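In: Let's see this in three dimensions:
(chains A and B)
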There are 2 protein chains.
Amino acid sequence: MAVKPNIQMSNASVPLVHEVEILDEMGRLKLTHIPGERPLTIYLDKREIVTLMTLGSAPEALVLGYLRNQRMVESPDDIESIQVDWDTDSAAVKTRRSTVDIDALTSKRVVTTGCGQGTMFGGLMEEMSQIRLPEGPTLSQEAIVGLIESIRSHDTIYKKSGSVHACAVFERQGDAEVRLLYFIEDVGRHNAVDSISGLMWLVNKPGKDLIFFTTGRLTSEMVIKGAQMGIPFLLTRSGVTLMGLELARKTNLTIMSRCSGKHFEIYNAPERVLFSQIN
Amino acid sequence: MAVKPNIQMSNASVPLVHEVEILDEMGRLKLTHIPGERPLTIYLDKREIVTLMTLGSAPEALVLGYLRNQRMVESPDDIESIQVDWDTDSAAVKTRRSTVDIDALTSKRVVTTGCGQGTMFGGLMEEMSQIRLPEGPTLSQEAIVGLIESIRSHDTIYKKSGSVHACAVFERQGDAEVRLLYFIEDVGRHNAVDSISGLMWLVNKPGKDLIFFTTGRLTSEMVIKGAQMGIPFLLTRSGVTLMGLELARKTNLTIMSRCSGKHFEIYNAPERVLFSQIN
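Out: Have a look, this model is predicted:
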């Protein structure tokens, strides 16, 4: 993890996969693996903010991305330290200066599609109406197929235990190639995207040449986060909801679903995709 | 929907599936279907509580179940009316008497595994430590296989559009048979379970002879909701997290994952399953 030198961060780790005994449908004893899930309570300058349920693979990045996406901190420079302690399931965040009115932020909340992270819905929609990504860049059909293959072949918690969502961010290397920058798994798909958002924030990474891949559905909140990060390509192995599509149209995001093998479906802004013919 | 006579409820409906044009990986135009997703802002006695993102298939039940599970209303008898209006994406709930301190309830929140619905984590764990389901009832291997088959053959939004989760509740008819009581789909798996919880509340249905099925994972919050409803069997087509398993052990729930075809895996309390041999 690229750590910006001016934030003191712990590097807390916990076991991510656990072996358990089960009975199958014939009553036969078997061993299988399941992912961990644990509470992580965030304290911002000693004030309790929220408890997230997480796999725990990248807790410091998750905390950072959560504070970013909830607009609770304006810049990573405002943060002095993030200390995660799994003995107490807590993350203590210390700021250099308090910059936002936490009371106002936590007074209303939106429980998004099965995946809530409190925010004011009206405010979010207002913010979305301000975002419109510029034309370009483009990506070839082969680059997209290569990206899907690199996700498939990645070593994952999912392959060991199932029951987690993955998010990944790739960077364009021209039209024809992509390079993997981040790969995060979590029991919650929003935690995975928040963690990636945190990692991008640390190194001040702009979104304009990036491709975001998720195993989860592109519901409204996922598209909102993609637009907020300024990422022109959102890809999912799964599907899209109508509101996800409408938000992609408004913000000019290219969204693709059912990405698997050599197959993908483009729901919006297909002009960013360069078609050749591969079979 | 079984409507208890003393709650005035709207019966609001919206289109659930939408046809959209896409391009496939060769740039060919195709038609496909995606589910709707829309905001529903709940007002409790004119006070804004939350905005849920929902498919909209059973909004009144969703509102009722949300208020139940968030402990914002103590009994359905306390509710005079629930009026959902899709023109304004709002649900107005009027109570007969205000019974709980909303301020206290909304002051802290837990964003559960990618699927938050605000609640105090400590309070929830305390509540869980009070719940322990009694021994029994039992269910035969054949009844479980039959249940899985009845879910598979059910006509669903999922089959038309993908991108939704389903929850269903079955009732035991002795050891060897089950009967479908409720089937709800939503873009959020927690909305689906909340809606079913609302329907059960309306008719004061106890959980003790019920089987709960979900297409979503059995994470901590799903097991918590199952335990709160007193349902001894939780089944999923998907997987289980460690915290979901630990909570099932504490509360003595039988949980099964990977339910598909004639296959299932039992993670806890297998003594409720009667094994015969089917192939």
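
In: quick one, what contacts residue A:215?
Out: A:158, A:165-167, A:189, A:236-238 (Cβ atoms under 8 Å, 6 or more residues apart in numbering or on different chains). Placement of C-beta: from N, CA and C, glycine included.

In: Backbone dihedrals for residue A:231, both of them.
Out: Here is the backbone geometry of residue A:231 (degrees, to the nearest 10): phi -90, psi 120.

In: What of residue A:7?
Out: Backbone torsions for residue A:7, taken as degrees, to the nearest 10, come to phi -110, psi 120.

In: So it sits against residue A:81, correct?
Out: Yes. Using Cβ atoms under 8 Å, residue A:7 makes contact with residue A:81 at a distance of 6.6 Å.

In: Neighbour count: the two, which is higher?
Out: When residue A:7 and residue A:81 are compared for neighbours, residue A:7 comes out ahead with 19 against 15, by other Cβ atoms under 10 Å in any protein chain shown.

In: For residue A:238, grab the count of nearby residues.
Out: Around residue A:238 there are 18 residues (other Cβ under 10 Å).

In: same check, this time on the one 3 residues further on
Out: By the measure other Cβ under 10 Å, the count of residues near residue A:241 is 28.

In: now it, nearest residue through space, not along the chain?
Out: residue B:37 (3.7 Å; Cβ to Cβ, 6 or more residues apart in numbering or on different chains).

In: and the gap between that neighbour and residue A:25?
Out: Distance, residue B:37 to residue A:25, using Cβ to Cβ, to the nearest Å: 35 Å.

In: Which residues are in contact with the residue nearest to residue A:241?
Out: If you count contacts by Cβ under 8 Å, 6+ apart, residue B:37 has them with A:113, A:219-220, A:241-244, B:53-55, B:187.

In: I'd like these as CSV, with secondary structure, pLDDT and distance to residue A:45 appended.
Out: Below are the contacts of residue B:37 laid out as CSV (DSSP: H, G, I helix; E, B strand; the rest coil; pLDDT from 0 to 100; distance: Cβ to Cβ, whole Å):
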residue, secondary structure, pLDDT, distance to residue A:45
A:113, coil, 39, 31
A:219, coil, 92, 32
A:220, helix, 92, 31
A:241, coil, 95, 37
A:242, helix, 96, 40
A:243, helix, 96, 35
A:244, helix, 96, 35
B:53, strand, 92, 31
B:54, strand, 94, 35
B:55, coil, 96, 39
B:187, coil, 92, 35
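
In: Out of those residues, which is nearest to residue A:226?
Out: Closest approach to residue A:226 among the contacts of residue B:37 (Cβ to Cβ): residue A:244, at 9.5 Å.

In: ok, the closest one - contacts?
Out: Applying Cβ under 8 Å, 6+ apart, we find residue A:244 in contact with A:217-220, A:222-223, A:255, B:37.

In: Can you get me a residue count around the residue in the stretch 151-279 of chain A that chain B sits nearest to?
Out: Closest to chain B within the stretch 151-279 of chain A is residue A:188: 2.4 Å, counting by Cβ to the nearest Cβ. Residue A:188: 27 surrounding residues under other Cβ under 10 Å.

In: what do you get for residue A:29?
Out: Neighbours around residue A:29, by other Cβ under 10 Å: 9.

In: Please apply the same query to the one 10 residues further on.
Out: Neighbour count of residue A:39, defined by other Cβ under 10 Å: 20.

In: coming back round to it: adding pLDDT, secondary structure and distance to residue B:66, write the contacts of residue A:215 out as TSV.
Out: Putting these into TSV (pLDDT from 0 to 100; DSSP: H, G, I helix; E, B strand; the rest coil; distance: Cβ to Cβ, whole Å) gives the following:
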residue	pLDDT	secondary structure	distance to residue B:66
A:158	85	helix	30
A:165	90	strand	24
A:166	93	strand	29
A:167	95	strand	28
A:189	85	helix	21
A:236	97	strand	27
A:237	94	coil	30
A:238	94	coil	25
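
In: which one of those sits closest to residue A:123?
Out: Closest to residue A:123, out of all of the contacts of residue A:215 and judged by Cβ to Cβ, is residue A:189, at 22.3 Å.

In: Residue A:216 is in contact with that closest one, correct?
Out: Yes. The criterion here is Cβ under 8 Å, and residue A:189 meets it with residue A:216 at 3.4 Å.

In: For these two, work out which one has more neighbours and name it.
Out: residue A:189 (27 against 22).

In: Give me the distance between residue A:131 and residue B:46.
Out: As judged by Cβ to Cβ, residue A:131 and residue B:46 stand 32 Å apart.

In: Which one of these two is surrounded by more residues?
Out: Each of residue A:131 and residue B:46 has its neighbours counted (other Cβ under 10 Å); residue A:131 has more, 15 against 8.

In: List the residues that contact the more buried one.
Out: A:227-228, A:230, A:250-251.

In: In helices only, show me those residues.
Out: A:227-228, A:250-251 (DSSP state H).

In: Max pairwise distance over those: which two?
Out: A:228 and A:250, at 13.0 Å, using Cβ to Cβ across those.

In: pLDDT below threshold where in the stretch 101-250 of chain A?
Out: Low-confidence segments of the stretch 101-250 of chain A (pLDDT under 70): A:101-120.
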